[in-house]
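> Sequence first, predicted coordinates after that:
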Amino acid sequence: MTPMIRQLKQSAEYFENMPKPLIVAVNAALLLFIGFVDYVTGYELGISLLYLIPVGFAVWYGSRSLGMIISCLSVLTIATADFMAGKQTSHLFIEIWNLLMHLGFFMVYAFVLSLVKSDLDERALLIDELRKTLAEVKQLRGFLPICASCKKIRDDKGYWNQLETYISAHSEVQFSHGICPDCVKKLYPEEYERILGIKDLGRRE
């Protein structure tokens, strides 16, 4: 990650954690600055594209409704700057129409940007959930040193553990113990027929 990208990421995290009143204050400052630039450059030189900065900032770090409010304030700032710069039109309808076009453009931009932000937030949330799920999943991989006689498993620290203990510690498996027919026959040869209720275990197999 380059220093510039790292700096941008840190700045984005700072703005995301910024209190709402401070976000509103930053937007107001941006609007005042752009409005002043609009007034200084005069009405003949259009800089309406710059008003997308506070609108986008309001949507991304605030909310869609805040972006709509800033859109209205941006149009009001444009009208004020043009009026103070001495702009005159042949018909009032033309000026109102132009301002409504600015308003529509700003609001469409705010709406689309809010949809993009919502989609990115949902994807980020999904990625976090997947990472948490993967972190909780335990899998056994590689070679396991196991005793050929007692079937104990040697862990990374060199200790020998019961098979059940080792697998339970490295997976989500839980054991329930029983005894297989072969072990019944081996351990209780005189009782295995009664226990299993059969005459010949080999025939059943």
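Nice, I can see it.
> What ranges does the protein have for its strands?
Using DSSP state E, the strands of the chain run over residues 153-154, 160-161.
> quick one: the residue located most distally from the centre of the chain from L100, how far?
Residue distances from the centre of the chain (CA atoms, centre = their mean) peak at E190, which lies 64.7 Å from the mean C-alpha position. Using CB to CB, to the nearest Å, one obtains 100 Å as the distance from E190 to L100. Quick note: C-beta positions are derived from backbone N, CA and C, even for glycine.
> Could you do K87 as well?
Applying CB to CB, the value for K87 to L100 is 16 Å.
> and if you look at I153?
In this structure, I153 and L100 are 75 Å apart, going by CB to CB.
> Which one's more surrounded, the two?
I153 (19 against 11; other CB atoms under 10 Å).
> Where do the helices of the chain begin and end?
Counting by DSSP state H, the segments of the chain that form helices are 3-16, 20-41, 52-61, 64-84, 92-136, 163-169, 181-187, 192-196, 201-204.
> mind checking pLDDT for the residue nearest the centre of the chain?
Nearest to the centroid of the C-alpha atoms of the chain, with distances taken as CA atoms, centre = their mean, sits A124, at 1.6 Å. In this model, A124 is scored at 88, pLDDT.
> got it, and V24?
The per-residue pLDDT reported for V24 equals 88.
> Could you do L8 as well?
The pLDDT attached to L8 in the predicted structure is 66.
> Averaging pLDDT per element, find the lowest-scoring helix or strand in this structure.
The weakest-scoring helix or strand in the chain, judged by mean pLDDT, DSSP states H and E, is helix 201-204 (a mean of 44).
> Domain boundaries for this protein, per the record?
With domains defined by automatic domain parsing, the chain comprises 3-136, 140-174, 179-205.
> Return the most buried member of these.
Between the domains of the chain, the one whose residues have the most neighbours on average, counting mean count of other CB atoms under 10 Å, is domain 3-136 (a mean of 14).
> how far is it from where the chain is centred?
Mean-position distance between domain 3-136 and its chain equals 22 Å (CA atoms, centre = their mean, to the nearest Å).
> about what we covered before: and the residue farthest from the centre of the chain, how far is that from D182?
The spacing between E190 and D182, counted by CB to CB, is 16 Å.
> next one: A81
Separation of A81 from D182 (CB to CB) stands at 92 Å.
> ok, V75 touching F105?
No - here V75 does not reach F105: they are 9.6 Å apart, not a contact under CB atoms under 8 Å.
> hmm, back to that, ranking the domains of the chain by mean pLDDT, which is last?
Out of the domains of the chain, the stretch the model trusts least by mean pLDDT is domain 179-205, with a mean of 66.
> give me phi/psi at the residue farthest from the centre of the chain?
The phi and psi values for E190, taken as degrees, to the nearest 10, are phi -80, psi -10.
> Can you give me the distance of it to L32?
When CB to CB is the yardstick, E190 and L32 sit 98 Å from each other.
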